[in-house]
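**Q** please work out how this folds:
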Amino acid sequence: MNSKLTRAVSYTIAACVVVSSISLSSDAASATSGVSALSSATGVLETTNYTAFAGAQLSVNDMLANATTIAAESQLADNGADAVTQSEDEYANIAIAQVDNYVYIREQATADSEYVGKLYNNSAATVSETVEQADGTWLKITSGDVTGYVKSEYVVQNNEELAKKVSKRLATVTTTTLKVRESASKDSSVMDLLPMGDDLVVVDESTASDGWIKVTCNAGEGYVSTDYVSLSTDFTVAESKTAEIARLEKEEAERKAAQEAAKKATAASQTKSASKSSSSSSSKSYSAPSGSGGGSVVSYGSQFVGNPYVYGGSSLTGGTDCSGFVMSCYSAFGVSLPHSSSSMRSVGYGVSTDEMQPGDIVCYSGHVGIYAGNGTLLHASNKRTGITYSNVNYKPILAVRRIF
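**A** Sure, this is the predicted structure:
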């Protein structure tokens, strides 16, 4: 569901898990995915699709389902409702997990029940019901497509600060080429250009009423017109048991396919390179890709350091932009990736920043690169530096994706 509604509703946020391991459970009620919530900045209901996996990012527009003050688009249509009850406290109904890794979501309101999903650290869930049991008070929650219960003693109510801390406010480019300007004016100098579909982290919305918001991009912090972006809030959500099994099977199949493609591509490239080596007159020669792992991708890509940055380009020698660089490096190993930094947030499978390995794709606000190991990022940075190395933590990381 990718649509916009102008129905005035508000969402509510509630509680934060504060233990390292707890049990949740769910009843037989089904959760609704792909729902809508009011953007506090635009007053417009916005919806996007999501894919749940460990550490997946889900828009609050999709995640806030089954809460008493929320209704899905389909529910509104079926019921013919014109409005949804508004809440005075927009942070009254979300629970945020604060755990080492994840907690189990179980079938019933008991720790002995079968688990049906996992709620990962810093994941968000809506609270829709309070249930009194013999062992204490339980809160019914929904996160992604998983519904369950958590005991009230393990959550902190109304923690607006934490809810904002674990979420991300994003501006998605809706025009062919977005200009990021140094100040909130169309007459201001352009500091960066970004393609349609790229996601930018919003750092300040105080000028939204004037039609501008402040975002972070590879060139630094700048302003973009609200006419050319859509705003949303991203939370991490739970993963169902069924989705986890399917994801792991899919990841394993894709990993094997990528490794096989890499072997074939490197063999073919080396054969082609050998046949041309004797007649080559280039002032600079490049080695053919070899190997089939992330470290091999880094070794291959590193030989292009110093080559130019060109917006919209994908040539490792003639000029490329950030996503074109990652795309072309992996293409040499037989792996097809999109020419879009935001789209690369969904390729391969997600890993945490603590688990980064050479070859992992690191996604930022309006930028993407390849982790080279030892805290270093290999990327096509900008026109001034071209393809270069940087500290991988030079700006906040949105996602880390692994192919091999």
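**Q** ok, residue 173 to residue 105 distance?
**A** Separation of residue 173 from residue 105 (CB to CB, to the nearest Å) stands at 35 Å. C-betas here are computed from N, CA, C, even on glycine.
**Q** next, the buried residues of stretch 103-122.
**A** If you call a residue buried by 16 or more other CB atoms under 10 Å, then stretch 103-122 has these buried ones: 103-107, 109, 113, 115-122.
**Q** stretch 240-260 now?
**A** Buried positions in stretch 240-260, judged by neighbour count with 16+ other CB under 10 Å: 240-241, 243-244, 247, 254, 258-259.
**Q** wait, which of the residues you listed is closest to residue 331?
**A** Among the buried residues of stretch 240-260, residue 258 lies closest to residue 331 (CB to CB), at 11.8 Å.
**Q** quick one, strands of the stretch 201-350 of the chain?
**A** 212-217, 220-225, 229-236, 239-240, 314-315, 319-320, 349-350 (DSSP state E, counting those that start in this stretch).
**Q** could you dump the ones you listed into TSV with distance to residue 158 and mean pLDDT added?
**A** Shown next, in TSV, are the strands of the stretch 201-350 of the chain (distance: least, CB to CB, whole Å; pLDDT from 0 to 100):
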stretch	distance to residue 158	mean pLDDT
strand 212-217	27	96
strand 220-225	31	96
strand 229-236	17	91
strand 239-240	26	92
strand 314-315	48	96
strand 319-320	48	96
strand 349-350	30	90
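**Q** wait, residue 193 sits on residue 175?
**A** No - counting by CB atoms under 8 Å, residue 193 sits too far from residue 175 to count as a contact (10.8 Å).
**Q** for the nearest residue to residue 302 once chain neighbours are set aside, list each beta-bridge partner.
**A** In space, residue 302 comes closest to residue 378 once its chain neighbours are excluded; the distance is 6.1 Å by CB to CB, 6 or more residues apart in numbering. Per DSSP bridges, the residues bridged to residue 378 are residue 370, residue 389.
**Q** count of neighbours near residue 378?
**A** 27 (other CB atoms under 10 Å).
**Q** remind me, longest strand of the protein?
**A** Criterion DSSP state E: the longest strand present in the chain is strand 124-133.
**Q** so which bits of the helix or strand just after that strand are buried?
**A** Note on strand 124-133: by DSSP states H and E, the next helix or strand toward the C-terminus is strand 136-143. For strand 136-143, burial by neighbour count (16+ other CB under 10 Å) applies to 138-143.
**Q** ok, then the element right after strand 136-143?
**A** Counting by DSSP H and E, what follows strand 136-143 is strand 146-151.
**Q** report how many residues lie close to the closest residue to residue 357 other than its chain neighbours.
**A** Excluding the flanking residues, the one nearest residue 357 by CB to CB, 6+ apart is residue 294, at 5.6 Å. Counted with other CB under 10 Å, residues neighbouring residue 294 total 23.
**Q** do residue 295 as well
**A** Residue 295: 15 neighbours (other CB under 10 Å).
**Q** report the contact partners of it.
**A** The contact partners of residue 295, taken as CB atoms under 8 Å, 6 or more residues apart in numbering, are 357-359, 373.
**Q** out of the residues you listed, who's the most crowded?
**A** residue 359 (26 neighbours).
**Q** now do the longest strand of the chain and strand 229-236, the angle between them.
**A** 40 degrees (axes from the mean of the first three to the mean of the last three CA atoms, to 10 degrees).
**Q** quick one: mean pLDDT over strand 124-133.
**A** Averaged over strand 124-133, pLDDT sits at 86.
**Q** quick one: list the elements packing against it.
**A** helix 60-63, strand 94-96, strand 136-143 (3 or more CB pairs under 8 Å, 6 or more residues apart in numbering; DSSP states H and E).
**Q** could you list the buried residues of the second one?
**A** Which is strand 94-96. Buried-residue list, strand 94-96, by 16+ other CB under 10 Å: 94-96.
**Q** what pairs with the longest strand of the chain, and is each one parallel or antiparallel?
**A** Using DSSP bridges, strand 124-133 pairs in its sheet with strand 94-96 (antiparallel), strand 136-143 (antiparallel).
**Q** ok, residue 394 - how many residues close by?
**A** Neighbours of residue 394 (other CB under 10 Å): 14.
**Q** from what I see, it and residue 377 are in contact.
**A** Yes - in this structure, residue 394 is within contact of residue 377 by CB under 8 Å, at 7.2 Å.
**Q** and the nearest residue to residue 259 once chain neighbours are set aside, how many neighbours does it have?
**A** Of all residues not flanking residue 259 in the chain, residue 292 sits nearest, at 4.7 Å (CB to CB, 6+ apart). Counted with other CB under 10 Å, residues neighbouring residue 292 total 21.
**Q** likewise for residue 210?
**A** Under the neighbour criterion other CB under 10 Å, residue 210 is assigned a count of 12.
**Q** per-residue confidence for it?
**A** 96.
**Q** and the nearest residue to it once chain neighbours are set aside, what is it in contact with?
**A** Using CB to CB, 6+ apart and skipping the chain neighbours, the partner closest in space to residue 210 is residue 184 (6.4 Å). Counting by CB under 8 Å, 6+ apart, residue 184 makes contact with 207, 210, 212, 214, 223.
**Q** good, wrapping up.
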